[in-house]
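Asker: My questions concern the predicted model and sequence given below.
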Amino acid sequence: MLQLNEQTGYFEPLFEKENICTSIPQNEEEVALSENEKRKKAQKLRLLGMTYTGQQVVREEDKIRIQEVTKPNRKMRETPCEHGAAKISERSFACAAISDNMCADIFHYFWQILTWDAKKAYVNGLIQPRQIVRRRNVSADVNKKNCGFDCYLPGLDGIKLRVCKQLFLATLYLKKDVIQLWIRSKFDIDVTNSGAINIVRRVAADSSNRAGTRVLRSESVMKWLEIIPKEPSHYCRSNTSHVYVEASFESMTHMHTVYTAWCQENNYSAVQRKRFQEILKDNKI
């Protein structure tokens, strides 16, 4: 059977068309997404504690590259706690009063919160700063911390129960460094000359809060610089004040990309590239 081709004006044999499935298979949907859409999807899944495709810094000989890895979903850690439920003193932990089902409910509630700011607010509402009380005299040249933090989990009837740090971190599936970073973004801790500690909650609308956030992000750069390999300079004198990193970064853009991937993997807020370069210059990197 012949059919007229409207483009050529000739009759051509008519072939039976095969049934071709035009739908995109489920496993190929990720390929069809643009890089920006993939990034937004990964950020949303990570926020909810679900399995997502993230980035990991990989060192190969003298080069550093970033590869995509599958990050598993977050699960509540099983951390044994031997603290009893009875309150012996004001400083006693009530970990045993928090049942496994209560911990599971707290875990699911926390990871269903839709923004990181709301998660931070929830964690900061469960942490209370306190001054360290020492029973022994400490010499002035000994560097000891002057402030501590008590962790609480919601119990029955809306009463917050003081728990140990291990149970707190295991229930929320958070790292210690992340908690410390979130705490510092919420509280201003001022140590006076007499040793007394003035702890003031930050006000979200205050301009000082924005300045504090800028400082915390700068600290993420310094923390990243501490873990990357350094090497001595072959062109400067040994007493130079400059610090040199290994020549495994292809460019400043590549270095900032590696830093940003590290921040995403460790729940830190990354700075923009311009600010990143300013920090490196100020610290003579």
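Answerer: Received it, and whenever you're ready, just let me know what you need.
Asker: Span of stretch 244-260 from start to end?
Answerer: Terminal residues of stretch 244-260 are spaced 20 Å apart (CA to CA, to the nearest Å).
Asker: for it, what is the average pLDDT?
Answerer: Averaged over stretch 244-260, pLDDT sits at 78.
Asker: Equivalent analysis for stretch 58-75, please.
Answerer: The model assigns stretch 58-75 a mean pLDDT of 80.
Asker: In PDB, list the C-alpha atoms belonging to that stretch.
Answerer: C-alpha atoms of stretch 58-75 as PDB (Å, rounded to 0.1, in the frame of the first residue of the first chain):
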ATOM      1  CA  VAL A  58      37.700  12.600  46.200                       C
ATOM      2  CA  ARG A  59      41.400  12.900  46.200                       C
ATOM      3  CA  GLU A  60      43.200  11.100  43.400                       C
ATOM      4  CA  GLU A  61      47.000  11.300  43.400                       C
ATOM      5  CA  ASP A  62      47.700  15.100  43.000                       C
ATOM      6  CA  LYS A  63      44.200  16.100  42.000                       C
ATOM      7  CA  ILE A  64      40.900  16.700  43.800                       C
ATOM      8  CA  ARG A  65      37.600  16.100  42.100                       C
ATOM      9  CA  ILE A  66      34.000  15.900  43.100                       C
ATOM     10  CA  GLN A  67      31.800  12.900  42.400                       C
ATOM     11  CA  GLU A  68      28.200  12.200  42.900                       C
ATOM     12  CA  VAL A  69      27.300   9.700  45.700                       C
ATOM     13  CA  THR A  70      24.100   8.400  47.100                       C
ATOM     14  CA  LYS A  71      23.500   9.600  50.600                       C
ATOM     15  CA  PRO A  72      21.300   7.200  52.700                       C
ATOM     16  CA  ASN A  73      18.200   8.300  54.500                       C
ATOM     17  CA  ARG A  74      18.600   9.300  58.100                       C
ATOM     18  CA  LYS A  75      17.700   6.800  60.800                       C
END
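Asker: can you pull the buried residues of that stretch?
Answerer: 64, 66, 71, 74 (16 or more other CB atoms under 10 Å). For the C-beta atoms, the positions are set from N, CA and C on the backbone; glycine is no exception.
Asker: which one of those residues is nearest N101?
Answerer: Among these, R74 lies closest to N101 (CB to CB), at 18.0 Å.
Asker: what's the spacing between the closest one and T171?
Answerer: 11 Å (CB to CB, to the nearest Å).
Asker: Report the contact partners of D177.
Answerer: N266 (CB atoms under 8 Å, 6 or more residues apart in numbering).
Asker: Let me know the distance separating it from I227.
Answerer: Taken as CB to CB, the span from D177 to I227 is 12 Å.
Asker: hey, where'd the strands end up in the chain?
Answerer: 2-4, 11-13, 52-60, 63-71, 127-131, 147-154, 160-163, 187-191, 197-201 (DSSP state E).
Asker: so where is this structure shaky, pLDDT-wise?
Answerer: Filtered on pLDDT under 70, the chain yields the residue ranges 1-33, 79-80, 84-90, 133-146, 185-217, 230-243, 246-247.
Asker: need the contact list for the nearest residue to F168 once chain neighbours are set aside.
Answerer: Take F168 and drop its neighbours on the chain: the residue closest to it by CB to CB, 6 or more residues apart in numbering is C151, 3.9 Å away. The contact partners of C151, taken as CB under 8 Å, 6+ apart, are 126-127, 162-165, 167-168.
Asker: May I ask you to confirm that V69 is in contact with G54?
Answerer: Yes. V69 is within contact range of G54, at 5.9 Å (criterion: CB atoms under 8 Å).
Asker: could you measure Y52 against S269, distance?
Answerer: From Y52 to S269 the distance is 18 Å (CB to CB).
Asker: between those two, which one's more packed in?
Answerer: For the pair Y52 and S269, the greater number of neighbours falls to Y52 (19 against 15), based on other CB atoms under 10 Å.
Asker: so that one bridges to which residues?
Answerer: Note on Y52: beta-bridge partners by DSSP bridges are K71.
Asker: need the contact list for it.
Answerer: 41-42, 45-46, 70-71.
Asker: same question, L225
Answerer: 245, 283, 285.
Asker: Now with 6 Å, please.
Answerer: With contacts defined as CB atoms under 6 Å, 6 or more residues apart in numbering, L225 has no neighbours.
Asker: Buried residues, stretch 257-276. List them.
Answerer: Those would be 257-264, 267-268, 270-271, 276, for stretch 257-276 by 16+ other CB under 10 Å.
Asker: Show residues contacting that stretch.
Answerer: So stretch 257-276 is in contact with 55, 57, 64, 66, 178, 217, 220, 224, 256, going by CB under 6 Å, 6+ apart.
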